[in-house]
Structures are given as C-alpha cells and as structure tokens.
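Chemist: Following is a predicted model, sequence given first.
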Amino acid sequence: MDYLRMTAPCGLACFNCGYFLANEDVKGRRKLERDERLNGIPTEVWLCKGCRNQEGILKSHELFFGRSGPCRVYKCTKEKNIDFCFECSEFPCDDLHPYADRAAQVPHNTKIFNLCLIKKLGLQLWAESKAAAVYETYFHKWFSL
C-alpha cells in the first residue's frame, strides 16, 4: 500500500477510515446505505478515496460546513510543498486544532499525535504498527492515564 497517498497531510490515516473502506467493504457500504435511508444523506457524500487522491476536496465538507475546494491543511501543505504538517516551521498551527465538542464523532483530535508518531517512527512503521491502535484507542476504548 502507498501509505503516503493514503495518509492525509494532517496525519489522518485514510486507510483506516470507514468512509474509505466502504468503497470495498460490503458491510461498511451497507451501513452507509442504511444511514442514507435514515437521514437522507446520500452514500456518495460519505464515500472517500483518500485526502490526497481527492486533492483535499470532500463532499461531506461542502454539505456540512458549506466549504468548497480543498481543506485548509491540504491547501497549505501543497503551497509549502511539504508532505506532512510536522515538516512546517509553524507546526502545530490552528488548522490542526482539535474539536473538543465533536471528539466522539471525528478523528481530528488524533492528528497531532499521529503527526508526532510519523515524524518519530517514519511513515511506514507508523502505518503498519501504530495507526490502527491509535484509531482503536480513540474510538473504542475508555480514556485512561
């Protein structure tokens, strides 16, 4: 797998995301289709090919945030010609600010942690040994110290 293509510049692991996996995963696709029947939001809005593959443009951003074009982080990294935010002298910046009010619904709070791990371990080692565990801990385990 091309982990660079499948990891967003902000550190989100597209290859672990249900909206990416539902492109191939029948069970995940059925869940989105069920959600479409319940809330009226088309499955195509949720399906994603990965941030870099879609040049930072997500249909869900337009629907929910009224924002068209690439996300700020993607656009910034392209302008600065860097692969990841941690390569920037301004890291961390406000574009990576966590969403405390939506922590249970969106993976954005994992961005800085993932970016630090990618910088420390390298992209491939992070992707193969830590990314899934970070996702699992964030979404499915109780907070503990």
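Modeler: Okay, I see it. Numbers count the residues shown, from 1 in each chain.
Chemist: Okay, buried residues for the helix or strand of the chain with the lowest mean pLDDT please.
Modeler: Sorting the helices and strands of the chain by mean pLDDT, DSSP states H and E puts helix 59-65 at the bottom, at a mean of 77. Judged by neighbour count (16 or more other C-beta atoms under 10 Å), helix 59-65 contains these buried residues: 59, 61. For the C-beta atoms, the positions are set from N, CA and C on the backbone; glycine is no exception.
Chemist: what residues does that helix touch?
Modeler: Here helix 59-65 makes contact (C-beta atoms under 8 Å, 6 or more residues apart in numbering) with 19, 41, 44-46, 48, 67-68, 71.
Chemist: Let's see that with 10 Å instead.
Modeler: Contact with helix 59-65 is made by 19, 41-42, 44-48, 58, 67-71, as judged by C-beta atoms under 10 Å, 6 or more residues apart in numbering.
Chemist: Now, of those residues, which are buried?
Modeler: By 16+ other C-beta under 10 Å, those give 19, 45-48, 58, 70-71 as buried.
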